[in-house]
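Undergrad: Quick one: sequence plus predicted model below, questions after.
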Amino acid sequence: MSAAAPSGAITARCPPVSDRAPRFSFRPHSFVHTARKNSSMSVEGIWDLSISTPIGRIKAVVDLRREAGVLTGVARGAGEEVPLGDVVLDGDRLTWRQAITKPLRLNLAFDVTVDGDTLTGTSKAGRLPVSKATGERRTVRAEAER
């Protein structure tokens, strides 16, 4: 027997519970697989960077090293040397932070993709627009010539 709906009530027929699609599904992030696949990539070395900013092109040198299994580095440019913070390599994606005082006092965040001896990506300084960053790793021969 079916009961009648009260006057003015809205009724709807819902599909049985077994026919409903799940609301949420879990998918592992693809970057986890990528990181494992490319984890042997080496980014250690000396990199010549060029950053295209609204005030002009800025040149810097970044020295990346692995110390006790941890990726670290320093950046040199505009007459100062600053340590890199939060250096992370995830597959071919390399990120780090650094604070500079010249030409302005800024906290920079880099996000680049490494492809062999070249890198391309961006640098972000607070509320300023994103700047294009490119770089090339110095070869042993080029380092000996300097």
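TA: Alright, I've got the coordinates. Remember, it's a predicted structure, so these values are computed and weren't measured experimentally.

Undergrad: pLDDT below threshold where in the chain?
TA: Along the chain, segments meeting pLDDT under 70 span 1-41, 140-146.

Undergrad: try it again with 80
TA: For the chain, applying pLDDT under 80 flags the ranges 1-41, 103, 140-146.

Undergrad: can you map out the helices along it?
TA: With DSSP state H applied, the chain shows helices at 30-37, 140-145, listed in chain order.

Undergrad: Now the top strand by length along the chain: buried residues?
TA: In terms of residue count, the longest strand belonging to the chain (DSSP state E) is strand 56-67. For strand 56-67, a neighbour-count test (16 or more other Cβ atoms under 10 Å) marks 58, 60, 62-64 as buried. For the C-beta atoms, the positions are set from N, CA and C on the backbone; glycine is no exception.

Undergrad: Same check on stretch 107-124?
TA: Result for stretch 107-124 [16+ other Cβ under 10 Å]: buried residues 108-110, 112, 114, 119, 121-124.

Undergrad: out of the residues you listed, which are inside strands?
TA: Among the buried residues of stretch 107-124, the members found in strands (DSSP E) are 108-110, 112, 114, 119, 121-124.

Undergrad: Among the residues you listed, which one sits closest to residue 43?
TA: Checking these against residue 43 by Cβ to Cβ gives residue 114 as the nearest, at 5.5 Å.
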